[in-house]
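Trainee: quick one, what's the 3D model for this:
(chains A and B)
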Amino acid sequence: MNPLDRYESLVDDVDAFRAACDRPLPSVVRTNGIAATPARVREAFDESGVAYEPVDWHDGLFRLPDGNPGGNWPYVHGWTHGQEEVSVLPTLALDPRPGERVWDACAAPGSKTTQIADAMDDEGTVVANDNNLGRLSALRHNAERLGITNAIVTNQDARNFSTKPLAFDEFDRALVDAPCSCEGTCRKNPDVLDQWTLDHVHAVAGIQKGVLARAVQATRPGGVVVYSTCTFAPEENEAVLDHVLANEDCELVEFDLPLDADPGVTEWEGETYDESVTRAQRIYPHRNDTGGFFCAKLRVGGAAGDETDSAAAADGVVDA
Amino acid sequence: MSDETGGEAGDAPTNDGQRFDRLPATPADREVEGRASRAEVLDWWEERFGIDPEVFAEYSFWEKGAGKIWIFNGEATDPSEVEAIGMTFLRTRQDHWKPTGRAVSRFGRLATKNAIELDPAQASRFAAGDDQDLPEWDGDWGYLIATHEVAGESVPIGVGLYLYDELRSVVPKGSRADLPVVE
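Mentor: Model (predicted):
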């Protein structure tokens, strides 16, 4: 079966949804602010005749209609990084600040890690973890290519991540950009639809629950955890949030993304989820002509009592 | 460092290639034989490329493996048993220390000497990993920062080794690129 069939009941315009999923996506690069400004990247593209189109909701993103994002000088200089548009969303939701301690739990191949380091002005510590040693080499390559100096790379199972190798034992913010069944990337890689199985959905959902629970535990009271996937499957999205809300001290907060999104769903195939999962955001391909995505922002509970506690809580309502 | 042995004869601390150790501040603080000190690293960048040591004031420096130095701008334990800490920066424990291409890409724009400006065709050859004759260079031999102009500003490309009128590209194989000549 085509797994997209099962999501038709979730979308408002099935034909538009299916048509968007069938269209390929253009190559996109993100400006690496550690090395260059969007204006410099534009100048370099203009000078060398590289065709590009701006992305109206993010001035650091450029679509490259001719493809080949690595075949130009800005890339060689580490000014740009190939990254799908929706893939920049979790770091926007995480909103890391310079000087903070940030955990990227499932970090390889490093698109979000490097975007986090950029948002931190390369100051503070971002701990980039992945359980797959082979994929870690891609992460290290990307972090070096982009000139990032504030990342520590670890190779652990995120579900029982130990902070023992670190100089601190809790994070200000954590990103769980979880391994998933990836239907949302079908516009780039249609094979994901052929390889999809419900067994895999259920297996990976167990891993996702374990990683998100550990991220909440490893984040200080008042801190922020962002959960994201590139799947439409509620089993891997709202059900994971529902599980962690029930078992860990945290709450979902509202947040703004610069794209049109749909709220998380509270019912799926006979299951019901905590009402607050509607604060999560579903990005369907036909809404913004992007890949598919899911993103949720959590505030870790407990008595923090410091000023960043209230700042994190307020993020949910005042984010621009 | 946890492997300090209090100076027992025949059991001096040695370099452990499996972990990151912070560099000693000065040669006088050195306990592991052959390990570069922070002061020597900063002196080297100043002498070789004219980069003010103040640029690196907030960074820490670490060794893992034989002579590979890493630059880091965060919090870490010493030693650190992790996969990577910051960015590779400099190769020491050899006669001629060699900066990494990444270090040059990140900090090379601050160089005031031993940077060689390439024209568009030379820059493309360099990025492809090709060696080329450049007899017109009358500066130092050894490791240079190769630069070219991008939209009106000089930008480092990588590390070159200049010997006998020739600039050898030492861009690692995985980072080589076939790029159009941008006049």
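Trainee: tell me the contacts of the residue minimising distance to the centre of chain B?
Mentor: In chain B, the residue lying closest to the centroid (Cα atoms, centre = their mean) is residue B:99, at 2.0 Å. Residue B:99 makes contact with B:45, B:48-49, B:89-91, B:143, B:145, B:159, according to Cβ atoms under 8 Å, 6 or more residues apart in numbering or on different chains. To be clear about C-beta, it is placed using only N, CA and C from the backbone, and glycine gets the same treatment.
Trainee: quick one: low-confidence ranges for chain B?
Mentor: Scanning chain B for pLDDT under 70 picks out B:1-11.
Trainee: who in it is up against chain A?
Mentor: Contacts of chain B with chain A, taken as Cβ under 8 Å from any Cβ of the partner chain, map to B:59, B:71-77, B:80-88, B:102, B:105-106, B:127, B:150-152, B:155-157, B:174-175, B:177-180, B:182.
Trainee: narrow those residues to those that are buried.
Mentor: Neighbour counting by 16 or more other Cβ atoms under 10 Å in any protein chain shown classes B:59, B:71-77, B:80, B:82-88, B:102, B:105-106, B:127, B:150-151, B:155-157, B:175, B:177, B:179, B:182 among the residues of chain B next to chain A as buried.
Trainee: helix or strand right after the biggest strand by length in chain B?
Mentor: Identified as the longest strand of chain B according to DSSP state E is strand B:153-163. Heading C-terminal from strand B:153-163, the first helix or strand you meet, by DSSP states H and E, is strand B:166-169.
Trainee: and that next one, which strands flank it?
Mentor: Here strand B:166-169 has these sheet partners by DSSP bridges: strand B:132-133 (antiparallel), strand B:153-163 (antiparallel).
Trainee: could you chop chain B up by domain?
Mentor: Taking automatic domain parsing as the domain assignment, the ranges for chain B are B:21-108, B:114-175.
Trainee: now do the same end-to-end measure for the longest one.
Mentor: Spelled out, that is domain B:21-108. Start and end residues of domain B:21-108 are separated by 25 Å (Cα to Cα, to the nearest Å).
Trainee: what residues are up against the residue in the stretch 51-200 of chain A positioned nearest to chain B?
Mentor: The stretch 51-200 of chain A approaches chain B most closely through residue A:125 (3.4 Å), counting by Cβ to the nearest Cβ. Residues counted as contacts of residue A:125 (Cβ under 8 Å, 6+ apart) are A:100-102, A:150-152, A:166-168, B:74-76.
Trainee: let's see if you can find the most crowded of the residues you listed.
Mentor: Compared across these, residue A:151 has the highest neighbour count, 31 neighbours, by other Cβ atoms under 10 Å in any protein chain shown.
Trainee: tell me which helix or strand comes right after the longest helix anywhere in chain B.
Mentor: When chain B is parsed with DSSP state H, its longest helix is helix B:38-49. Counting by DSSP H and E, the next helix or strand C-terminal to helix B:38-49 is strand B:60-64.
Trainee: the helix or strand following that next one vs strand B:60-64, what angle?
Mentor: With elements assigned by DSSP H and E, the helix or strand that comes after strand B:60-64 is strand B:68-72. Strand B:68-72 and strand B:60-64 are oriented at 150 degrees to each other (axes from the mean of the first three to the mean of the last three Cα atoms, to 10 degrees).
Trainee: and residue A:34, how far is that from residue B:139?
Mentor: Noted for residue A:34: a distance of 29 Å to residue B:139, by Cβ to Cβ, to the nearest Å.
Trainee: okay, the two: which has more neighbours?
Mentor: The neighbour count for residue A:34 versus residue B:139, taken as other Cβ under 10 Å, is higher for residue A:34 (19 against 11).
Trainee: so which strand or helix has residue A:222?
Mentor: Per DSSP H and E, residue A:222 falls inside strand A:219-229.
Trainee: what's the helix or strand just after that strand packed up against?
Mentor: Using DSSP H and E, the helix or strand that follows strand A:219-229 towards the C-terminus is helix A:238-247. When contacts are defined as 3 or more Cβ pairs under 8 Å, 6 or more residues apart in numbering or on different chains; DSSP states H and E, helix A:238-247 sits against helix A:198-217, strand A:250-253, strand A:293-300.
Trainee: how about the first one: buried residues?
Mentor: When you say that, I think you mean helix A:198-217. For helix A:198-217, burial by neighbour count (16+ other Cβ under 10 Å) applies to A:201, A:204-205, A:207-216.
Trainee: got it, and the second one?
Mentor: When neighbours are counted by 16+ other Cβ under 10 Å, the buried residues of strand A:250-253 are found to be A:250, A:252-253.
Trainee: and which of the residues you listed is nearest to chain B?
Mentor: residue A:250 (24.7 Å).
Trainee: so how far is residue A:276 from the closest one?
Mentor: Residue A:250 sits at a distance of 10 Å from residue A:276 (criterion: Cβ to Cβ).
Trainee: joint contacts of those two?
Mentor: By Cβ under 8 Å, 6+ apart, no residue touches both residue A:250 and residue A:276.
Trainee: correct me, but residue A:87 touches residue A:112?
Mentor: Yes - using Cβ atoms under 8 Å, residue A:87 makes contact with residue A:112 at a distance of 7.1 Å.
Trainee: neighbour count winner among those two?
Mentor: Taking neighbours as other Cβ under 10 Å, residue A:87 and residue A:112 compare with residue A:112 leading, 25 against 22.
Trainee: hmm, back to that, what lines up beside the strand holding residue A:222 in the sheet?
Mentor: Strand A:219-229 has the following strand partners under DSSP bridges: strand A:171-177 (parallel), strand A:293-300 (antiparallel).
Trainee: make a markdown table from these and add mean pLDDT, distance to residue A:191 and mean neighbour count to it.
Mentor: What follows is the strands paired with strand A:219-229, written out as a markdown table (pLDDT from 0 to 100; distance: least, Cβ to Cβ, whole Å; neighbours: other Cβ atoms under 10 Å in any protein chain shown):
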| stretch | mean pLDDT | distance to residue A:191 | mean neighbour count |
| --- | --- | --- | --- |
| strand A:171-177 | 98 | 21 | 27 |
| strand A:293-300 | 98 | 19 | 27 |
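Trainee: what does the stretch 151-300 of chain A put close to chain B?
Mentor: Residues of the stretch 151-300 of chain A that fall close to chain B, judged by Cβ under 8 Å from any Cβ: A:151-155, A:165-168.
Trainee: phi, psi for the residue of the stretch 51-200 of chain A closest to chain B please.
Mentor: Note on residue A:125: backbone dihedrals following degrees, to the nearest 10 are phi -130, psi 120.
Trainee: what about residue B:44, neighbour count?
Mentor: Neighbour tally, residue B:44, other Cβ under 10 Å: 17.
Trainee: against chain A, how distant is it?
Mentor: Per Cβ to the nearest Cβ, to the nearest Å, residue B:44 is found 18 Å from chain A.
Trainee: that older thread, let me know the closest of the contacts of residue A:125 to residue B:20.
Mentor: Ranked by distance to residue B:20 (Cβ to Cβ), the contacts of residue A:125 are led by residue B:76 at 7.3 Å.
Trainee: pick the one among the residues of the stretch 151-300 of chain A next to chain B closest to residue B:118.
Mentor: Using Cβ to Cβ, residue A:151 is the member of those that lies nearest residue B:118, at 30.6 Å.
Trainee: residue A:118 is in contact with that closest one, correct?
Mentor: No - with contact defined as Cβ under 8 Å, residue A:151 does not reach residue A:118; the gap is 11.1 Å.
Trainee: residue A:238 is in contact with residue A:268, correct?
Mentor: Yes - with contact defined as Cβ under 8 Å, residue A:268 and residue A:238 form a contacting pair (7.0 Å).
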